[in-house]
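J.: structure for the following, please:
(chains A and B)
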Amino acid sequence: MRIRNIIAGLTLTALGLIYGFLTTGLPVRSLPNTPGPSFFPWIITALLLVLSVSLLVQGLRMEETEPSNGKKRPIPQALFLCLFIVYLAALPFFGFLFTSIPFFAALIVMYGERRKAWVASFAIGVPVFLLLLFRDGFSIPLPRGSLGFLLG
Amino acid sequence: MNADILQGFLQASLPVNLMATAIGALLGITVGMIPGMTISSGIIIVLPLTFVLDPGMSIALLLGLYVSGMTGGSFSATLLNIPGTPSASATAIDGYPLAQKGEAGRALGISISASFIGGMFSFFCLYFIAPLLADVALEFRTQDLFSLIFFGLTIICSFAAKSLIKGLLSAVIGLLIVTIGQDPVMGTARFTFGDANILSGIHFLTALIGLFAIPQLVGSLRETGRRTAGADQIFGSILPKLADLKQIIRPVSIGSSIGAFLGILPGVGGPIAAFISYDYAKKSSKKPEDFGKGSVEGVAAPEAANNAVTGGALIPMMTLGIPGDPVTAILIGALLVHGLAPGPLLFLERADFAYGVIFSFFWANIFNLIISFSGLRLLIKVLAAPKALMMPAIALFCVVGSYALRNSFFDVYVMFFFGLIGLTMKWLNIPVVPMLLALVLGKQLEEHLRVALTSSKGDISIFFTSPISAIFLALSIFSIVWSFTSERRKKIAST
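T.: Below is the predicted model of the structure:
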């Protein structure tokens, strides 16, 4: 926890400094005795800096209590996030249906399902159901992408 | 009967709204009982629907889910010793030992009955207190409203976090995010970097989907293949016996009162109310030695408490526009999408709708009881449902839900970005609930602060000369000092 507090303290202090710098670019006030658009961001900057420095000091003062765990495997989590990023990047180009089917199939496998028939039927069935539900049921067209013409 | 009350009752009792409540209740029990899925997950699934449904139906659906999700959590707690929701953790202490003795049906019957009584108690609190509080809140001036929101933020930081500094930091980050977009008083663009998408700011529902769903999806990757044995056990009669009902009167009364009261306080939530009620019920019991070994009183008290929290949390949401937990924050979002702002003016301008919400809550409790008792044997089969299919479906709902809000890819990317923020905060042990409350209330906080200072020509004494404002500020300071000292006391005790 000590290391995490130090990381959090440092990151948030940096965030506070950047936010404060950006706040200097905002208009100060337009009318006398009237707080302008930069008034509230300045309060936030001050609070963020005070609290993040306090967290940093707290982290530096505390003793490490958390035993290191060498068994943690962050690979599936990282893979999940990478997969999500690829999916979101492909979504505007290939549309909801054509991107969701492989995405859904990959996720089912990641969560432990190995039966091919189940993977295939749910990977196709769920996105198709959602597309039809939103398009015809709720009149919310989901993104069609450049392959949208195939859907009619 | 007041015309608005009657109108509200009729509105909530429309067949379509009753159907929405029942579907919400069914879904709530289902998501509530599946370990690893929370009520928030269920809400994320139905959220896109609420954008297209009539506001009355949307609220009925969400309330059904909210109320029944609390009860559903106790089913897996009792049968598997795995609480479906954090609020059901205390129920597992005695529910599971009862099930192990072959009395799972008795434990579940007690749990459903206590949930119903707790929920109905909080309905009456909501029905009688909310309109009165709304009347009082109408007298609030802008400085009072600032101090009230400030109090809401500080109290959630005190309760929701183990570390006060981290709780406050979470709220401040939320406030920082709120300043992105047009400022609420003059409309000046702030931190938009010339991007038109950011001009209207970050929609808090998008942020909320990411903050809650993505960390849950990532966390569930570690739990694949969890055994759900116990879901198919034989558990006898579910209907509680008269002797059991007599025995639970005291713990249910304790749980209901504590739950409804703590539900009003932002950030306290079901888990704390359930554990406090359990503790009080144990202390006041004639057989405290039975607690932890399968006491029906130990099942009844926390279950009454966590369902009483739901009605309690609706009181500040309906009357002051302050959400007590993530679910009530989503309820506010669902209302805002339809142009209805919860707060004292809702009772003045749309009293029929406000009472409609209250009566939908009543029906949610009724359907929770009916569906739980009648469908329990079938519903618990869900406990064996493969997570491998549910989690990917939630991932798709996250994308669809954030896209459907404004038909914008930008919102989908924002949702994912907030998912990454949620994961980082989880790793750093920073709670997300204060941030969520800040996202909901931040704009109002700034607006009231600036309007009050403008009216006083920059004189900050306006916040101390108004008695209401001064009281809320004093309470805010008290909650921070109390949280700080109790944190220090714990630290000293542990060394």
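J.: and the closest residue in space to residue A:6 that isn't next to it in sequence, how many neighbours?
T.: Leaving aside its sequence neighbours, residue A:6 sits nearest to residue A:59 (C-beta to C-beta, 6 or more residues apart in numbering or on different chains; 4.0 Å). From N, CA and C alone the C-beta is placed, and that goes for glycine too. The criterion is other C-beta atoms under 10 Å in any protein chain shown. On that basis, residue A:59 has 18 neighbouring residues.
J.: so what's residue A:59 up against?
T.: Contact analysis of residue A:59 by C-beta atoms under 8 Å, 6 or more residues apart in numbering or on different chains lists A:2, A:3, A:4, A:5, A:6, A:8, A:9.
J.: please redo it, this time with the cut-off set to 7 Å
T.: By C-beta atoms under 7 Å, 6 or more residues apart in numbering or on different chains, the contact set of residue A:59 is A:2, A:5, A:6, A:9.
J.: tell me which of the residues you listed fall in helices.
T.: Counting by DSSP state H, the part of the contacts of residue A:59 found in helices is A:2, A:5, A:6, A:9.
J.: tell me the one of these nearest chain B?
T.: Nearest to chain B among those, counting by C-beta to the nearest C-beta, is residue A:5 at 7.7 Å.
J.: if I look at the spatially closest residue to the closest one that is not a sequence neighbour, how far off is chain B?
T.: Closest residue to residue A:5 apart from its sequence neighbours, by C-beta to C-beta, 6+ apart: residue A:59 at 3.1 Å. Relative to chain B, residue A:59 is positioned 10 Å away (C-beta to the nearest C-beta, to the nearest Å).
J.: so where do the helices sit in the stretch 101-250 of chain B?
T.: For the stretch 101-250 of chain B, the helices defined by DSSP state H, counting those that start in this stretch cover B:104-137, B:142-160, B:164-178, B:196-199, B:204-220, B:242-247, B:249-264.
J.: ok, and what's touching the helix or strand where residue B:346 lies?
T.: Element membership for residue B:346 (DSSP states H and E) is helix B:344-349. Residues from elsewhere that reach helix B:344-349 (C-beta under 7 Å, 6+ apart): B:131, B:134, B:137, B:138, B:318, B:319, B:340, B:353, B:354.
J.: so who does the closest residue to the fifth one other than its chain neighbours touch?
T.: What sits nearest to residue B:318 in space, not counting adjacent residues and going by C-beta to C-beta, 6+ apart, is residue B:130, at 5.1 Å. Under the criterion of C-beta under 7 Å, 6+ apart, the contact list for residue B:130 reads B:315, B:318, B:319, B:358.
J.: quick check: the last one touching residue B:126?
T.: Yes: here residue B:358 lies in contact with residue B:126, judged by C-beta atoms under 7 Å, at a distance of 5.6 Å.
J.: who's more crowded, these two?
T.: Using other C-beta under 10 Å, the more surrounded residue of residue B:358 and residue B:126 is residue B:126, with 27 against 23.
J.: the residue lying closest to the more buried one once chain neighbours are set aside is in what secondary structure piece?
T.: In space, and not counting its chain neighbours, residue B:126 is closest to residue B:311: 4.5 Å by C-beta to C-beta, 6+ apart. According to DSSP H and E, residue B:311 maps onto helix B:296-320.
J.: remind me what that helix packs against, helices and strands.
T.: helix B:55-80, helix B:89-100, helix B:104-137, helix B:242-247, helix B:249-264, helix B:269-284, helix B:326-337, helix B:351-379 (3 or more C-beta pairs under 7 Å, 6 or more residues apart in numbering or on different chains; DSSP states H and E).
J.: please state the offset of the longest helix seen in chain A from the chain centre?
T.: Counting residues, the longest helix found in chain A (DSSP H) is helix A:75-110. Put simply, helix A:75-110 sits 14 Å off its chain's centre (C-alpha atoms, centre = their mean, to the nearest Å).
J.: so residue A:28, which state does it fall into?
T.: coil (DSSP: H, G, I helix; E, B strand; the rest coil).
J.: again, but for the one 4 residues further on
T.: Using three-state DSSP, the structure places residue A:32 in coil.
J.: ok so, going back, any chance of the helices and strands packed on helix B:296-320 in TSV with distance to residue A:113 and mean pLDDT as columns?
T.: Output for the helices and strands packed on helix B:296-320, formatted as TSV (distance: least, C-beta to C-beta, whole Å; pLDDT from 0 to 100):
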stretch	distance to residue A:113	mean pLDDT
helix B:55-80	21	87
helix B:89-100	28	84
helix B:104-137	29	90
helix B:242-247	41	86
helix B:249-264	39	88
helix B:269-284	31	82
helix B:326-337	29	83
helix B:351-379	23	90
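J.: deepest in the core, which of the ones you listed is it.
T.: Of these, the one with the most neighbours on average (mean count of other C-beta atoms under 10 Å in any protein chain shown) is helix B:55-80, at a mean of 30.
J.: tell me what that one is packed against?
T.: Helices and strands touching helix B:55-80, by 3+ C-beta pairs under 7 Å, 6+ apart, are helix B:15-33, helix B:39-52, helix B:89-100, helix B:104-137, helix B:296-320, helix B:326-337, helix B:351-379.
J.: what angle do the longest one and helix B:142-160 make?
T.: This means helix B:104-137. Using axes from the mean of the first three to the mean of the last three C-alpha atoms, to 10 degrees, one finds that helix B:104-137 and helix B:142-160 are set 160 degrees apart in direction.
J.: quick one, which of the helices and strands packed on helix B:296-320 gets closest to residue B:409.
T.: For the helices and strands packed on helix B:296-320, distance to residue B:409 was read as C-beta to C-beta. The smallest value, 18.9 Å, belongs to helix B:326-337.
J.: same for the closest one, what does it pack against?
T.: helix B:39-52, helix B:55-80, helix B:204-220, helix B:296-320, helix B:433-455.
J.: winner for burial among those?
T.: Highest mean neighbour count among those (mean count of other C-beta under 10 Å): helix B:296-320, with a mean of 32.
J.: quick one: mean pLDDT over it.
T.: The average of the pLDDT scores along helix B:296-320 is 89.
J.: residues touching residue A:107, list them.
T.: B:391, B:392, B:395.
J.: which one among the residues you listed gets closest to residue A:45?
T.: residue B:395 (35.9 Å).
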